[in-house]
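>>> Below is the sequence, then the predicted model.
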Amino acid sequence: MSAQSDYQQALKDISSLASSMEDRISNRPAPYTVDQIFRRYSGTIATPMIDDLKAGVWKKWENWQLGGAISYLGSYGTSAAVAPLREIEQNYPVTDIQKQAKELADLLATLDVAVSEAKQIPQVQDAIKSGDADQMARSMLLGLAQIDPDWPVRASEIQSKLFDLASDSFPAINEMAAGKLTEQDVTKALVEILFAEFLPGPGTTQPKP
Amino acid sequence: MANYTVQLTAPAGVYPFNTVRVSLTCVGQPQQIQNVVLTPNVAVSRVFNIANGTWDLEISGAGFVPVNEQNIVVNGDAINAKNLDVVWYTLHTDRNRDGNLDDAGLLNQVTPGTITYGTAGVGAIIPVNCNRDGNNTAAGYTDNQDQRVNGNNDLVTGTSRLEIRRNALGPNAGAPAIPVGWSLLLSVIGTLGENPAQQHLRIFDGILNNSAEIIGPETTHSVPITTVTVGASKLYAVEAVRFAGTGFTSGQIRIALNVIQQEVTGNGNPTYLFADRVVVARWIGNHHRQTVSQIYVVDANNANFQAALGVPVANENPPYALTLATPGTSALTHVPYLNGNAWQNFIAAGRIARPGISRDRWMRDTIVSGHSVWPGNGAGVQSKDTFMKAHRWRSLQNWIYQTLISQNVGLYYPAAGSADGINDGNSGGNIAVTPPVQKTVNGATTYYRYGRIYFGNNVQSTVDQSSRDFFDAQNMQPPVTLNTDWLAVGHVDEMMTFVPDDNPANAFKKWKLLIASPATAYGILRNNRNAHGNAPLLARPPHSPGNATPNFAGLSIGNAIDATGTITDFLGNGQAPTSWQDINTGNLQNYTYKQLRDWNIYGIENLINQNIRRLKAAFDLTDNDIIKVPVIFIPVHQINGNFTISDKISFWTIGADNGFNIYPGRECGFRSGAMTGDMVNMFVGNDKLMIPKPFGPWIVDNTMPNNGHDLFEDDIRQKIAAIQNGPECVFIDDWDDYHVAHGEIHCGTNELRAPYDGQTAFGNARYANWWTAVDA
């Protein structure tokens, strides 16, 4: 399946869903449902979608569909989407959509610079060559940390709060466990509880390799 | 030189003018001018030391008929005595709201300075003329969307009055001669920051059928009027184009009558004015303590439902008629809206065209039942049933605009012309009104005699800004917002309603609040597990209405063709026959009865309780005022995104449990719908409650008329029976026509209700009308 045919299939799925809802009390899918349908195809359909938006398809889309498409582009959109988003921001007649398009266009407009800078980092280049998902994710996050001054600040805040919570919990745990647990054990368990959904299996204590 | 004395006598009587300018001119001599302050019926003299010669005398002043005497030969001292005439024009509205026009306000001021309410409230109330009296406007247009008075009935029931009067005192008062240079200018003035006043109000050139607009959206904000046109007096019909709301928050307009006396202030410059501040009538949403006078349901291949609904309707007390709406045969109709100063056809923002023709059955969601009241024109207080059109864009609106708008029924669409997007929250089923309630905080009580509007308005389910502005600007029924994000449709009528309770002790507690409760439903199942574990849910019982067979007929819901399960099943841990579709994969996702049960009891019940807490914060509500109604919900679809600990129903359950461990409405959680019939989603009639059949656990008992009984029906029936003089419960099978499409009887009906009799309810004549009942 090509990106274009995937994209066309997504549009068909959305159209079918809307048709199936015709007699229901809600007769249009919610924007987040449209977003979910697009996301079935991960990022592959972003390019044909952006091309379609550039060609003006948004003028024929109702706000529930366009809202879902913009949500999808919130994850998979590229700087190529800025121009049609600006058009939508200025010409689509729904206030909420205008606002949504503006926010995303503003964000994507910064991507060009960030991406080209991050791609120059050797570790990022190596990770891309390796094709390893985990290595790529780590290297690219660290790459962004180097070029975005706000990134380490935000990460540090999260880390600090995590340690605070573990530290606050530790005295009680220490007493209950009669000294058999360390604060590091508590921190590790806390991470697993908070992020269980992204770890290998329910109940496991093994971090993802 | 001569001492030339001008002696002036102003007429006896009361009038707001007292100053004239006396001028003597003569060729080759400097002009002599004196301003003279007069007292009624008192001669006042002014001496001019002037040269002998031929002089012209001019006397002029605001309100005074000018004197212009030429070629006066002055040859020594002389006296010229003049008895002056006063003629002035005034503006009159029904400022004290008794149906009759009042005396003029104060000169050069806006009267009243402030619109007030209560028993001594002032400021004329102008009706929003949004019905269709003459039926002589284009299809879809209401009377206030064209430039004329629409029939004699429209004059009485759709417009108020404005009068310009000529007042005269002095020697020629019986037949005053109005100078040619006098003219009048009638204007409307808006409030700073609001849209222009002419977009809100229309003034017609008389009080006859077909009288034409002289001020209004399509003409002007200011119109010259000749004194000849007015004569001794002239009445003008007035109507409001809109209720208060976006761009017109105050609901107020100033109407000014400028009088131009050319000899005083020059050509075109106002000499004095009288101005009145007026306010448009308010819209009041109906509540369930008001008597039903009409019920509407859509003809949508739902003959069995219509017949079933018709039975209790026919036996209601007081009685009322059932009207079938026919959107399936209603022509495509334009929705007019005011674009600047012209009416144009509205297409909802984010929609491409008008909705097509179909049997859209969701009568509740299209319009919101309400009414509007104003003092009238001397023939008694006027009231008009007025629906608010919800910002929804489906084919039923063709029937609404083609047929429902009529002499008896008005329609107002706050979001017409707006850039508000359409979403499910903008539906009549998501907008309701409590009966009269009160709130006591630290000994201070606030009374909501018209109830409070409540609607779901959170992250996923929102009401459009224009409709919210409209509610706020009415300042009648301060809204309470609830969280309905946990519902796939997201309407408040899916989780609660109010039923009448003739509690004699408290005028603000004449109701019971019915709340959907999965915990109650599962409690009933648990209590009957031992005795009736095999009793089936979600099946039409044998030989019951809708099922002629001797066997149970399973009902379809939630991707299951037959969702039937026994009490034991529902309380066990087996696979439920229902499923939800994962949009991410397109796959149907199964779940166990235990997952469903825990999610209902600990998830949905919790969210409903959060809403109860919001209601308790909004008005005096105790647990004794609440009737919990058994309903079980199922997941409909899942919301993508990330959850945090606070989104989890159970801390002890790892992760999201495929959505069942996340509060519905949150990211990673579901939005839900009723699995069993959603009984709170009922039609509250006059002495009957028309309740969707729940298809809860059915206990076979061949000694009973229906060969058995439904435990969920029994539960609500017993609780309603405990209400003193409470209504009768009538259960109607709406499963195939409404329930499977995610709605119920309330969603499929709408109604007119008579205005609430506040005078009787609250024991004081003050509460007969809203303008005396409210303080602001």
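Arrived safely, thanks for sending.
>>> from here on, contacts and neighbour counts on C-alpha atoms
Noted.
>>> and the helix-or-strand element of chain A with minimal mean pLDDT, C-alpha only, in CSV?
Least confident helix or strand, chain A: helix A:111-119 with a mean of 86, by mean pLDDT, DSSP states H and E. Written as CSV, here are the backbone C-alpha positions of helix A:111-119 (Å, rounded to 0.1, in the frame of the first residue of the first chain):
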residue,chain,number,x,y,z
LEU,A,111,10.5,22.5,13.2
ASP,A,112,12.6,23.3,10.2
VAL,A,113,15.4,24.8,12.2
ALA,A,114,15.2,22.3,15.0
VAL,A,115,15.3,19.3,12.8
SER,A,116,18.1,20.5,10.6
GLU,A,117,20.2,21.4,13.7
ALA,A,118,19.5,18.1,15.4
LYS,A,119,20.4,16.1,12.3
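>>> Now do the buried residues in that helix.
Residues of helix A:111-119 classed as buried by neighbour count (16 or more other C-alpha atoms under 10 Å in any protein chain shown): A:111, A:118-119.
>>> For that helix, which helices and strands make contact with it?
On a contact count with 3 or more C-alpha pairs under 8 Å, 6 or more residues apart in numbering or on different chains; DSSP states H and E, helix A:111-119 meets helix A:133-147.
>>> by how many degrees do the helix or strand just after the helix it packs on and helix A:133-147 diverge?
Counting by DSSP states H and E, the next helix or strand C-terminal to helix A:133-147 is helix A:150-176. Angle between the axes of helix A:150-176 and helix A:133-147 is 120 degrees (criterion: axes from the mean of the first three to the mean of the last three C-alpha atoms, to 10 degrees).
>>> buried ones in helix A:150-176?
Under the neighbour-count criterion of 16+ other C-alpha under 10 Å, helix A:150-176 has A:162-163, A:166-167, A:170, A:173 buried.
>>> for stretch B:751-766, same thing?
Neighbour counts over stretch B:751-766 (16+ other C-alpha under 10 Å) mark B:751-758, B:761-762, B:766 as buried.
>>> Next: stretch B:494-514.
Of the residues in stretch B:494-514, those buried under the neighbour-count criterion (16+ other C-alpha under 10 Å) are B:494-503, B:507-514.
>>> Could you do stretch B:14-27 as well?
Neighbour counts over stretch B:14-27 (16+ other C-alpha under 10 Å) mark B:15, B:17-26 as buried.
>>> Among these, which are located in helices?
Using DSSP state H, no member of those falls within helices.
>>> could you dump those residues to JSON lines with distance to chain A and pLDDT?
Below are these laid out as JSON lines (distance: C-alpha to the nearest C-alpha, whole Å; pLDDT from 0 to 100):
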{"residue": "B:Y15", "distance to chain A": "54", "pLDDT": "98"}
{"residue": "B:F17", "distance to chain A": "54", "pLDDT": "98"}
{"residue": "B:N18", "distance to chain A": "57", "pLDDT": "98"}
{"residue": "B:T19", "distance to chain A": "57", "pLDDT": "98"}
{"residue": "B:V20", "distance to chain A": "58", "pLDDT": "98"}
{"residue": "B:R21", "distance to chain A": "59", "pLDDT": "98"}
{"residue": "B:V22", "distance to chain A": "63", "pLDDT": "98"}
{"residue": "B:S23", "distance to chain A": "63", "pLDDT": "98"}
{"residue": "B:L24", "distance to chain A": "67", "pLDDT": "98"}
{"residue": "B:T25", "distance to chain A": "67", "pLDDT": "98"}
{"residue": "B:C26", "distance to chain A": "69", "pLDDT": "97"}
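>>> Closest one to B:G685 out of those residues, please.
Lowest distance from B:G685 to these (C-alpha to C-alpha) belongs to B:Y15, with 57.6 Å.
>>> Inside helices: which ones of the buried residues of stretch B:751-766?
Within the buried residues of stretch B:751-766, residues falling in helices by DSSP H are B:758, B:761-762.
>>> Where does the record place the domain boundaries for chain A?
Chain A is divided into the following domains under automatic domain parsing: A:3-109, A:114-198.
>>> out of the ones you listed, which comes closest to B:K648?
Comparing the domains of chain A by C-alpha to C-alpha, domain A:114-198 comes nearest, at 10.7 Å.
>>> from the middle of its chain, how far away would that closest one be?
17 Å (C-alpha atoms, centre = their mean, to the nearest Å).
>>> Kindly report the same for stretch B:350-366.
On C-alpha atoms, centre = their mean, the centre of stretch B:350-366 falls 21 Å from the chain's centre.
>>> what does stretch B:282-293 give?
Offset of stretch B:282-293 from its chain centre (C-alpha atoms, centre = their mean): 11 Å.
>>> do the same with stretch B:486-496
Distance, centroid of stretch B:486-496 to centroid of chain: 22 Å (C-alpha atoms, centre = their mean).
>>> Please apply the same query to stretch B:701-714.
Distance of stretch B:701-714 from the chain centroid (C-alpha atoms, centre = their mean) equals 43 Å.
>>> mind listing what's buried in stretch A:103-111?
For stretch A:103-111, burial by neighbour count (16+ other C-alpha under 10 Å) applies to A:104-105, A:108-109, A:111.
>>> which outside residues touch that stretch?
Residues from elsewhere that reach stretch A:103-111 (C-alpha atoms under 8 Å, 6 or more residues apart in numbering or on different chains): A:70, A:73-74, A:77-79, A:81-83, A:85-86.
>>> What parts of the stretch 551-700 of chain B come near chain A?
Of all the residues in the stretch 551-700 of chain B, those in contact range of chain A (C-alpha under 8 Å from any C-alpha of the partner chain) are B:583-585, B:639-640, B:644-645, B:654-656.
>>> coming back round to it: among the buried residues of stretch B:751-766, which one lies nearest to chain A?
The nearest member of those to chain A, counting by C-alpha to the nearest C-alpha, is B:E751 at 18.4 Å.
>>> residue contacts, the closest one?
Per C-alpha under 8 Å, 6+ apart, neighbours of B:E751: B:292-296, B:369.
>>> repeat for B:R21
For B:R21, the contact set (C-alpha under 8 Å, 6+ apart) comprises B:33-36, B:58-61.
>>> now, which of those residues lie within helices?
Secondary structure from DSSP H places none of the contacts of B:R21 in helices.
>>> Out of these, which end up buried?
Looks like the contacts of B:R21 have B:36, B:58-61 buried, using 16+ other C-alpha under 10 Å.
>>> Between all of those, which two are at the greatest distance?
So, the buried ones among the contacts of B:R21 by C-alpha to C-alpha: farthest apart are B:V36 and B:E58, at 12.6 Å.
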